[in-house]
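Undergrad: Sequence first, predicted model second:
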Amino acid sequence: MAELVPFAVPTESDKTLLVWELSSGPTAEALHHSLFTVFSQFGLLYSVRVFPNAAVARPGFYAIIKFYSARDAHRAQEACDRKQLFQKSPVKVRLGTRHRAVQHQALALNSFQCQELANYYFGFNGWSKRIIKLQELSDLEERENEDIVAPYQKQSLKFFCALEVLLPSYECRSTGVGMAEEPVYKLEEGPLSFLMKRKTAQKLAIQKALSDAFQKLLIVVLESGKIAVEYRPGEEIVDVRSEEELHDLIQVSCVSWKQYCQGGERLSLRFVLGGRRVQSVRTGL
């Protein structure tokens with residue numbers, strides 16, 4: 001049976017391992033390193049967390065390890081349970097307990113985690129990103145033209161980014177949008193600080209757009225080990241024709257959007273993200 005791996009924080013019990021009877025000799029940091037080294041051999045890890053045992057128990061530690069893949073977690077559990085691994089005494093490894101009554105809302109991975117997951121399954125050269133639009137939406141110039149400006153009124157740097165993630169081997173591409181804002185106190189900020197905040201806002205907007213684009217992709221791991229990709233567009237492609245439509249799209253207030261709705265600029269913003277409908281599946285092998 002094929003396994004689906006979304007670009008989301010893994011919360012399922014079958015992707016979570018509980019490891020206990022870890023010795024009290026090493027530090028928590030040393031145990032974290034040892035656990036990561038052992039369990040990362042079975043697949044990409046989302047997290048490794050080490051905790052001290054409760055006061056009523058004997059001294060020692062236990063750990064919670066999360067995989068992106070349930071298949072990898074199952075293989076790790078079978079291979080490591082009741083084995084010594086990196087210590088003299090064996091450890092116990094169990095899959096997480098199912099709680100069907102509790103439903104977790106999927107949380108998106110950040111841009112770094114998305115890239116890590118993409119590199120693992122597609123390869124470092126198996127995907128790329130292309131920035132479609134990176135536009136400043138700041139209100140600083142508008143405020144400078146006002147007759148009266150409060151001396152310490154907080155202003156902001158806003159950047160909007162639209163980009164696409166390309167998967168050539170799968171003939172697939174996914175678009176994403178993101179916006180970031182950095183507060184600025186003009187009378188308190190020097191030129192260098194202002195430039196640094198501008199650069200930070202640009203970077204955050206790109207990161208948010210990249211994460212947004214990856215949310216449309218679903219990795220399909222076949223039993224043979226081959227990888228396929230499902231593209232799940234948010235909604236039907238929408239042509240942004242008015243200031244109000246663009247305002248509703250990315251939910252930003254107090255920003256002039258006229259420049260986005262003029263002539264050729266429309267083409268770069270003709271998409272909306274969300275939804276769950278599967279559009280296509282491509283295999284790269």
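TA: Received, thanks. Numbering: from 1, shown residues only.

Undergrad: For Gly176, grab the count of nearby residues.
TA: Counted with other CB atoms under 10 Å, the neighbours of Gly176 add up to 26. (Each C-beta comes from the backbone N, C-alpha and C, glycine too.)

Undergrad: If it is in a bridge, with which residues?
TA: Leu163 (DSSP bridges).

Undergrad: so it makes contact with Ala213?
TA: Yes: counting by CB atoms under 8 Å, Ala213 is a contact partner of Gly176 at 2.9 Å.

Undergrad: Can you work out which residues contact both of these two?
TA: Each of Leu163, Glu164, Val165 lies in contact with both Gly176 and Ala213 under the rule CB atoms under 8 Å, 6 or more residues apart in numbering.

Undergrad: Closest one of the residues you listed to Leu192?
TA: Leu163 (27.9 Å; CB to CB).

Undergrad: these two touch, right, the closest one and Ser128?
TA: No: Leu163 lies out of contact with Ser128 (CB under 8 Å); the separation is 10.4 Å.

Undergrad: So which of these two has more stuff around it?
TA: Using other CB under 10 Å as the criterion, Leu163 and Ser128 rank with Leu163 on top: 23 against 12.

Undergrad: Just list the residues touching that one, thanks.
TA: Lys129, Arg130, Ile131, Ile132, Lys133, Thr175, Gly176, Ile206, Ala209, Leu210, Ala213.

Undergrad: Ok, Asp72 next?
TA: If you count contacts by CB under 8 Å, 6+ apart, then Asp72 has Phe42, Gly43, Leu44 around it.

Undergrad: where does Phe112 land in three-state SS?
TA: Following DSSP: H, G, I helix; E, B strand; the rest coil, Phe112 is assigned to helix.

Undergrad: Check the secondary structure at Phe36 for me.
TA: helix.

Undergrad: and it, how many neighbours does it have?
TA: Neighbours around Phe36, by other CB under 10 Å: 16.

Undergrad: Which residue comes closest to it once chain neighbours are left out?
TA: Val48 (5.0 Å; CB to CB, 6 or more residues apart in numbering).

Undergrad: Kindly state the beta-bridge partners for the one you found.
TA: Ile65.

Undergrad: Check the gap between the closest residue to Arg58 other than its chain neighbours and Gly126 for me.
TA: Nearest residue to Arg58 in three dimensions, chain neighbours excluded: Ser24, at 8.0 Å (CB to CB, 6+ apart). To Gly126, Ser24 is 43 Å away according to CB to CB, to the nearest Å.

Undergrad: Have a look at these two and say which one is more surrounded.
TA: Neighbours per residue (other CB under 10 Å) separate Ser24 from Gly126, with Gly126 holding more: 16 against 12.

Undergrad: if you skip the residues just before and after it, what's nearest to the residue nearest the centre of the chain?
TA: Taking CA atoms, centre = their mean, the centroid of the chain lies closest to Leu109, which sits 2.1 Å from it. Nearest residue to Leu109, sequence neighbours excluded (CB to CB, 6+ apart): Phe7, at 5.2 Å.

Undergrad: residue contacts, the one you found?
TA: Ala108, Leu109, Gln113, Cys114, Leu117, Ser211, Phe214, Gln215, Leu217, Leu218, Ile219.
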